[in-house]
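Student: my questions are about this predicted structure, shown below with the sequence.
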Protein chains: 2
Amino acid sequence: MPWERLTSEALKYARVVDHYVYDSLGISPDRLRESSLHLFRAGGKRVRPLIAFLTARMLGGVEAESRAVPLASSIEVAHTFTLIHDDIMDQDDYRRGVPTVHKSYGVDWAILAGDLLHALAYKMVTESVERGLTVEGVYRALRALSVAAVNVSRGQAYDMQFEETWDVTPQDYLDMVRLKTGALMEAAARMGAVAAGAGYEVEALMGEYGVFVGVAFQIRDDILGIYGDPKVTGKPVYNDLRRGKKTILVLKALEVLAREKGAEAAEEFKSMVGPQASEEELRRAAEIIQETGALSYAEKLAKSYSERARRILAKLPAVDEEARSLLDELAVFVVEREK
Amino acid sequence: MPWERLTSEALKYARVVDHYVYDSLGISPDRLRESSLHLFRAGGKRVRPLIAFLTARMLGGVEAESRAVPLASSIEVAHTFTLIHDDIMDQDDYRRGVPTVHKSYGVDWAILAGDLLHALAYKMVTESVERGLTVEGVYRALRALSVAAVNVSRGQAYDMQFEETWDVTPQDYLDMVRLKTGALMEAAARMGAVAAGAGYEVEALMGEYGVFVGVAFQIRDDILGIYGDPKVTGKPVYNDLRRGKKTILVLKALEVLAREKGAEAAEEFKSMVGPQASEEELRRAAEIIQETGALSYAEKLAKSYSERARRILAKLPAVDEEARSLLDELAVFVVEREK
């Protein structure tokens, strides 16, 4: 059990967040509440609350951790909102082993459930005052969350545009991931710092930790989306290749092919990914990604983001060294996880 | 020109809000910006910013009015987000004389544009600090906006459920309208009070003014949706009847019919509204709504809400009596307008 300590912390915090979310979602009508709770009930890693709680604890001890409850819940609620709407746009049928919200309740209710959760995330920020957060803290948390939510929308917009073109570089991809996945992880870390009453500089540094962990997390996701064990990830083999997703792996392989083998080899590779490709072509595409060095490039890149996050962490003040060590472990976990 | 003074104030404020919104939406990618700006460009009455600005001016003078710019813009941006998503759910093809966002850019981009505007509304609240609002003011504005956004989602959920059943009373309808239309008008008025640095009691009273104006506005909307002049409203004649919308007029007529003419007459009336009804049946349904007294009931009800709003207004402190008189005029306008 290599991640036993981290997993047990995550579970402890997940329970706190889930309680808070269930209490907040005691609303009518029933169908709105049920569609909004659907993905929460299905599980999830709760990585963002974990970052928020551990940051609060590292910088401000157990009191800060307790103040962070509405903020950590808020960030998970906001994350869930983005999942529900992304699943509509990406036409995904399953998530966390259950049918997606729009598959279970229809697109209209999924739009509405997402909107409710988005609004609820902000309402939760105001509730922090009841846990002892100052109004200055509310202002800072609101800024972190709203900037992140704007950037997540922008990231999703780029992601959708990338689906329609091959005119995307590995750098374009990284910029998109920074927005789509990095932004909410950044907000989670910032919120933890705000709950601890940390200064602006410490908040910004923790934000960078969050961004780097987020980008590392996403690159690992992309690797698992092609090479992950379907029995462990719960997703079909070559899933991302079949969907024609322009991940860093595909884009890097394409870049190498175009440079080393010419335009024709690059075009051939393009034809081997996407819904029209045969299983044999997908298998071959996965091989090419390895042969061109794109896989090891992605692995190294993920590791370098992870290490940047860890270096920032090492520089920060800490009143709770165990929390720091857990955040350090988390930065390693995101690039070594198998699911 | 009976509303000349009010209209010219509204235009003045609309220009300020539009500038602020355009500046805030200088984001990439282009398609996200364009889809988000689509409905702003098409016009709109900007009633909510008008309430926010006039409230700020009434309670706090021109300095409060200037502090209110990001808040008034925020509430219009939030309102636009709800329009974009509602149009998807209601499958509306036109709004403000142009194709709806999902008709112009597709459902996925309309979902995303709405989400961006929703997030941007909260970001604008934080920007008020640059205009001199205190962090306490930010906290109060955030509470007003997030509670409203939660309630708008709940209102839309009830509205969607009412479409599928006749088991809806006039009171159910009023409860729904209070959430769906009243909530954002309430938030607009509260935000104006917050910009003026008013106390909690004054903020709450202004909030009630907003709710009552909102409910009166919606009832008038329902009247115009059946009896409005298509050339003035821009909507087809009997539009709401054809769509089978369970407005206060239809529900009241049904209640009266069931009581005075029995279940059979009520059932017959139900069959005369909705997409399956002939033009002749729709015309007859509109007549029945008049004959049962449901139309005059709705007119009186709208007027009573308008008067409740006006009575609250008269009780409040004012540093600018012209602003008070304009807010009073607005409460009359919403029930007398022809479009």
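Tutor: Thanks, I have the structure now.

Student: can you show me the strands along the stretch 51-200 of chain A?
Tutor: In the stretch 51-200 of chain A, the strands defined using DSSP state E, counting those that start in this stretch lie at A:94-95, A:98-99.

Student: report the distance from the last one to the chain centre.
Tutor: Taking the mean C-alpha point of strand A:98-99 and that of its whole chain, the gap between them comes to 19 Å (C-alpha atoms, centre = their mean, to the nearest Å).

Student: which secondary structure elements does it contact?
Tutor: The helices and strands touching strand A:98-99, judged by 3 or more C-beta pairs under 8 Å, 6 or more residues apart in numbering or on different chains; DSSP states H and E, number zero. Quick note: C-beta positions are derived from backbone N, CA and C, even for glycine.

Student: pairing partners for that strand, with directions?
Tutor: Using DSSP bridges, strand A:98-99 pairs in its sheet with strand A:94-95 (antiparallel).

Student: pull the residues that contact the partner strand.
Tutor: Defining contact as C-beta atoms under 8 Å, 6 or more residues apart in numbering or on different chains, one finds that strand A:94-95 is touched by A:39, A:42, A:83, A:87, A:100, A:103.

Student: buried ones among the residues you listed?
Tutor: Among those, the ones that count as buried by 16 or more other C-beta atoms under 10 Å in any protein chain shown are A:39, A:83, A:87, A:100, A:103.

Student: farthest-apart pair in those residues, please.
Tutor: Spanning the widest gap among these are A:83 and A:103, at 13.0 Å by C-beta to C-beta.

Student: so how many other residues sit close to residue A:325?
Tutor: By other C-beta atoms under 10 Å in any protein chain shown, 16 other residues sit near residue A:325.

Student: next one: the helix or strand bottoming out on mean pLDDT in chain A to chain centre, how far?
Tutor: One helix or strand of chain A scores below all others by mean pLDDT, DSSP states H and E: helix A:230-233, with a mean of 83. Counting by C-alpha atoms, centre = their mean, helix A:230-233 is centred 19 Å from the centre of its parent chain.

Student: which residues does the helix or strand that that helix is followed by contact?
Tutor: Note on helix A:230-233: by DSSP states H and E, the next helix or strand toward the C-terminus is helix A:239-242. Outside helix A:239-242, the residues within contact range by C-beta under 8 Å, 6+ apart are A:222, A:225-226, A:236, A:247, A:250, A:273-275, A:277, A:282, A:285-286.

Student: dump the C-alpha coordinates for helix A:239-242 into PDB.
Tutor: What follows is helix A:239-242, C-alpha atoms only, in PDB (Å, rounded to 0.1, in the frame of the first residue of the first chain):
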ATOM      1  CA  ASN A 239      -9.800   5.300 -25.000                       C
ATOM      2  CA  ASP A 240      -8.200   8.800 -25.700                       C
ATOM      3  CA  LEU A 241      -6.800   7.700 -29.000                       C
ATOM      4  CA  ARG A 242     -10.100   6.400 -30.200                       C
END
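
Student: chain center to that helix: distance?
Tutor: A distance of 19 Å separates the centroid of the chain from that of helix A:239-242, by C-alpha atoms, centre = their mean.

Student: contacting residues around residue A:223?
Tutor: Taking C-beta under 8 Å, 6+ apart, we find residue A:223 in contact with A:249, A:295, A:298-299, A:302.

Student: should've said residue A:196
Tutor: With contacts defined as C-beta under 8 Å, 6+ apart, residue A:196 is in contact with A:55-56, A:58-61, A:64, A:68.

Student: if you set the cut-off to 10 Å instead, what comes out?
Tutor: Residue A:196 makes contact with A:55-61, A:63-65, A:67-68, A:137, A:202-203, A:206, A:317, A:319-320 under the criterion C-beta atoms under 10 Å, 6 or more residues apart in numbering or on different chains.

Student: now, of the residues you listed, which are buried?
Tutor: Among the contacts of residue A:196, the ones that count as buried (16+ other C-beta under 10 Å) are A:55-60, A:64-65, A:67-68, A:137, A:202-203, A:206, A:320.

Student: for those residues, which one is nearest residue B:264?
Tutor: Using C-beta to C-beta, residue A:68 comes nearest to residue B:264 of those, at 61.6 Å.

Student: now do the contacts for that closest one.
Tutor: By C-beta under 10 Å, 6+ apart, the contact set of residue A:68 is A:13, A:16, A:49, A:52-57, A:60, A:74-75, A:128, A:131, A:133, A:141, A:188, A:191-196.

Student: swap in 7 Å and give it another go.
Tutor: Counting by C-beta atoms under 7 Å, 6 or more residues apart in numbering or on different chains, residue A:68 touches A:52-53, A:56, A:191-192, A:195.

Student: just those now: which is nearest chain B?
Tutor: Chain B lies nearest to residue A:191 out of these, by C-beta to the nearest C-beta, at 14.0 Å.

Student: test my guess that that closest one contacts residue A:146.
Tutor: No: using C-beta atoms under 7 Å, residue A:191 is not in contact with residue A:146, being 11.9 Å away.

Student: so which of the contacts of residue A:196 are in helices?
Tutor: Among the contacts of residue A:196, the ones falling in helices (DSSP state H) are A:55-61, A:63-65, A:67, A:137, A:202-203, A:206.

Student: hang on, the earlier thing: closest one of the contacts of residue A:223 to chain B?
Tutor: Closest approach between these and chain B, by C-beta to the nearest C-beta: residue A:249, at 23.0 Å.

Student: so what touches the host helix or strand of that closest one?
Tutor: Remark: residue A:249 resides in helix A:248-260, with elements defined by DSSP H and E. Applying C-beta under 7 Å, 6+ apart, the external contacts of helix A:248-260 come out as A:168-170, A:173, A:219, A:222-223, A:226, A:265-266, A:269, A:273, A:288-289, A:292-295, A:297-298, A:301.

Student: just the buried ones from those, in PyMOL syntax?
Tutor: In PyMOL, a selection of the buried entries from the contacts of helix A:248-260 looks like this (16+ other C-beta under 10 Å):
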select buried, chain A and resi 168+170+173+219+222+223+226+265+266+269+273+288+289+292+294+295+297+298+301
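
Student: in stretch A:6-19, what's buried?
Tutor: A:6, A:9-10, A:13-14, A:16-18.

Student: so which bits of the stretch 51-200 of chain A are right by chain B?
Tutor: Proximity of the stretch 51-200 of chain A to chain B is confined to A:85, A:88-89, A:108, A:111-112, A:115-116, A:118-120, A:122-123, A:125-126, A:129, A:135-136, A:138-139, A:142-143, A:146-147, A:149-150, A:153-154, A:156-158, A:160-161 under the rule C-beta under 7 Å from any C-beta of the partner chain.
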